[in-house]
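Novice: Here is a sequence together with a model predicted from it:
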Amino acid sequence: MPIVEVRSLSYTYPGSVRPTLSDINISVEEGEFILLTGPSGCGKTTLCRCLNGLIPNSYGGEFTGKVIVDGLVTTEHPVYEIAQHVGLVFQNPENELFCTSVEREVAFGPENLALPREEIRKRVEESLAMVGISHLRDKSPEELSGGEQQKVAIAALLAMKPKILVLDEPTANLDPASAQSVLNTLLKLNEESGVTMILVEHRLEMVAHMADRCAILNEGRLVLVGEPEDVLYSDEAEAIGIGIPKVVQVAKNLGINKINGKRPLTSWSLADLLRM
Amino acid sequence: MKAFSFEYKRGTTIIHKLDPRSKFIYTILFTALTVYFVNPLILFLVFLSSVPMVIIAGIGKRWLRSIRGSLFFIAFIFIFNLVGNFWTTGSIADAIIMSISMSLRFIALISIFSAFFLTTSPEDLTQSMVQLKIPYDYALTFNMAMRFVPTLSREAQIIMDAQRSRGLELEKGNIFQRVKNYIPVLIPLIISSFRRAELVADAMESRAFGANKRRTSLYVLTMDRRDLLFISCSLAAFLAILSLKIMLGIQ
């Protein structure tokens, strides 16, 4: 049974005439790593908000279809309940961190759940360790780099033990090195702890090879879903104008579309193919 | 933006580690004294009471900045009282003493509150409010307000830069004109604050805010021997100053 199921979801924000999302259908298996991309304003953020119930629970608007996450129908459960199953990481860490120390930040979620103090302490330790930022526990989030801040935000969600993490362009405000570090953390969480990942990202160069599947959203519709190489090598993807990785363009121009049934998504796999 | 820089920075001194409630007791007692007395000597003593705290906590620089930031108000209070009292009493000596008292009262208040806010983390304050049975929602609102002050001031700076680079002259004209000049800064600032508030609310909800009426907190504030000592000292100083009135009849 899929852990995330979106069935003919359409959504229009209150006061808006045109729907932001139209007839979205996708299901995600437990432990999958999904890469979601698409041009600005195509509805990616809106879809993220649908996945943890912020839409429609906090936003209102016209919501049709069904979103089921970890067995919960989002329209039938409050956000705080869904939050224990789906963690949502936002674009700008400045707006998602509001405590004066990393430890307090991570404790905020479990505190809201009114867990016993020992359990909170245990979860804080575990989450910090999972993301590899135990050494930052006493720092103030303001003193940290953007990448470290995003890791704090991720740890703060892990403390609620969600099975699914949805990340809405978590690297948008980061330099390439920090972005890479955050993305590696996500891959590690996915591979070692089995957290299902739904990652919205523009930096396809960095993430395409990590994902199990890639989905492209355009003008509120899910236009392509499939293996990253199938999607990124397709002509449709090029026509939509997403940041097709340079490797893919080079490979396409070289005409090495499918050598031994393999198509490269990273520069080193391209290099390997060329050496053969 | 620099005036009243009550922004907390973490510290490890005894004063920082005191329970906010102990510091709050001191603040209340000595605020009461500043309101009760008009004698400049007493007001000076009240002001002095905050100095050891400032020194022990090592916050001298920022404390001085708060006081320096309020110099304009102090000058205003002094002149206003001088003119007003001379008008009503006709004695220049009385008027000067009264003006000094009123200025000292203001300085003492700034000093006492600086000592409190500069050494108390917003979260400890929130936690102590919760432990004083103030509903968490109100306590958190206060905490958030403190947290986003620097963020907003940074944003205001960015908007000012942006508007200046489009030709807005903030320092032009008389005082009314200048206030008007700030409208193109204020409107974007207000709108972006509303947007930010929504995003922060999303982030909080996504972390199960509101799941339970009673939430646990990782830290619990407890009063220890140091707090008792601090409260006793505050109380003793308070009573000593108050007794001056009874024994010497100082007002």
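Specialist: All right, it came through fine. Just so it is clear, the model here is predicted, and its values are computed rather than measured. Numbering: from 1, shown residues only, chains lettered A, B, ... in the order given.

Novice: helices and strands around the lowest-mean-pLDDT helix or strand in chain A, which ones?
Specialist: Of all helical and strand segments in chain A, the minimum by mean pLDDT, DSSP states H and E falls on helix A:267-275, at a mean of 83. If you count contacts as 3 or more Cβ pairs under 8 Å, 6 or more residues apart in numbering or on different chains; DSSP states H and E, helix A:267-275 packs onto helix A:246-254. Just so you know, the C-beta spots here come from the backbone N, C-alpha and C atoms, and that holds for glycine as well.

Novice: in the helix it packs on, what counts as buried?
Specialist: Residues of helix A:246-254 classed as buried: A:V247, A:V248, A:A251, A:K252 (neighbour count, 16 or more other Cβ atoms under 10 Å in any protein chain shown).

Novice: Quick one: neighbours of the residue in the stretch 51-200 of chain B that chain A sits nearest to, just the number.
Specialist: When scored by Cβ to the nearest Cβ, the stretch 51-200 of chain B has B:L199 as its residue closest to chain A, at 4.3 Å. Around B:L199 there are 15 other residues, counting by other Cβ atoms under 10 Å in any protein chain shown.

Novice: was I right about it contacting A:F90?
Specialist: Yes. Using Cβ atoms under 8 Å, B:L199 makes contact with A:F90 at a distance of 6.8 Å.

Novice: list residues touching both of these two?
Specialist: Contact with both B:L199 and A:F90 is made by residues A:E96, according to Cβ atoms under 8 Å, 6 or more residues apart in numbering or on different chains.

Novice: Please compute how far the helix or strand where the residue of the stretch 51-200 of chain B closest to chain A lies lies from its chain's middle.
Specialist: If you go by DSSP states H and E, B:L199 is part of helix B:183-205. Put simply, helix B:183-205 sits 24 Å off its chain's centre (Cα atoms, centre = their mean, to the nearest Å).

Novice: If you count neighbours, what's buried in it?
Specialist: Neighbour-count burial for helix B:183-205 [16+ other Cβ under 10 Å]: B:P184, B:V185, B:P188, B:L189, B:R196, B:V200, B:D202, B:A203, B:M204, B:E205.

Novice: Report all helices and strands that it contacts.
Specialist: Partner elements for helix B:183-205 (3+ Cβ pairs under 8 Å, 6+ apart): helix B:136-165.

Novice: what's the average pLDDT for the helix or strand just after the helix it packs on?
Specialist: Once helix B:136-165 ends, the next helix or strand along the chain (criterion: DSSP H and E) is helix B:175-181. The average pLDDT within helix B:175-181 is 86.

Novice: Ok, stretch A:16-35 next?
Specialist: In the prediction, stretch A:16-35 has an average pLDDT of 95.

Novice: Please apply the same query to stretch B:155-167.
Specialist: 93.

Novice: For it, buried residues please.
Specialist: Using 16+ other Cβ under 10 Å as the test for burial, stretch B:155-167 gives B:E155, B:A156, B:I159, B:M160, B:Q163.

Novice: any weak-confidence spans in chain B?
Specialist: Flagging of chain B using pLDDT under 70 yields the residue ranges B:1-6, B:250-251.

Novice: Helices of that one, start to end?
Specialist: Shown for chain B, the helices assigned by DSSP state H span residues B:14-17, B:20-36, B:40-57, B:60-69, B:71-89, B:92-119, B:122-131, B:136-165, B:175-181, B:183-205, B:225-248.

Novice: Contacts for the first one, please.
Specialist: Just to be clear, that refers to helix B:14-17. B:R10, B:K23, B:M53, B:I56, B:A57, B:A115, B:T119, B:T120, B:R226.

Novice: mind checking how far the first one is from B:K17?
Specialist: For B:R10, the distance to B:K17 equals 11 Å [Cβ to Cβ, to the nearest Å].
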